[in-house]
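Enquirer: predicted structure and sequence below. I'll ask about it afterward.
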Amino acid sequence: MIDKHKFYTSSRWRRKREAVLRRDNYVCKECARYGKTVPADTVHHCYPLMDYPELKLKSWNLISLCNACHNKAHMRGGNPVHPVDGLTDVGERIKDRKKIQYENWLNSNKDNKNNNKK
Ligand SMILES: [Zn+2]
Ligand SMILES: [Zn+2]
């Protein structure tokens, strides 16, 4: 199981987080869908960190969000399985939008594994 505190304080994460914010022009991508320009304060894992630790530093899995949208994407304390990380319907929708990237990643992973066997 991933040590969240250790991960979120690591320099690798901090650098990645900064790069994602820069890529997204420091605005919330969820608010942008509704034509609003709101400064982003958070970089969110579309495929959650606890369930997909191997995607923790994948740029395609990361999205800049404002605090309000980030809170809307997560169940805070309401989910007995993932008390902090559980996704709400909003979170699931954000995740669904990355499905193609996820499938591409799965496929390229499969290829790598096959190549290693040869
Ligand atoms: Zn927002
Ligand atoms: Zn999040």
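Expert: Looks like it came in fine. Ligands and ions are numbered 1, 2, ... in the order given.
Enquirer: helix, strand or coil for the nearest residue to residue 102 once chain neighbours are set aside?
Expert: Nearest-residue entry for residue 102: residue 47, 6.3 Å, with adjacent residues in sequence omitted and distances by C-beta to C-beta, 6 or more residues apart in numbering. Placement of C-beta: from N, CA and C, glycine included. Assigned state for residue 47: coil (three-state reduction, DSSP: H, G, I helix; E, B strand; the rest coil).
Enquirer: got the contact list for residue 47?
Expert: 55, 61, 95, 98, 102 (C-beta atoms under 8 Å, 6 or more residues apart in numbering).
Enquirer: list only those of the residues you listed flagged as buried.
Expert: The neighbour-count test (16 or more other C-beta atoms under 10 Å) marks 55, 61, 95, 98, 102 as buried among the contacts of residue 47.
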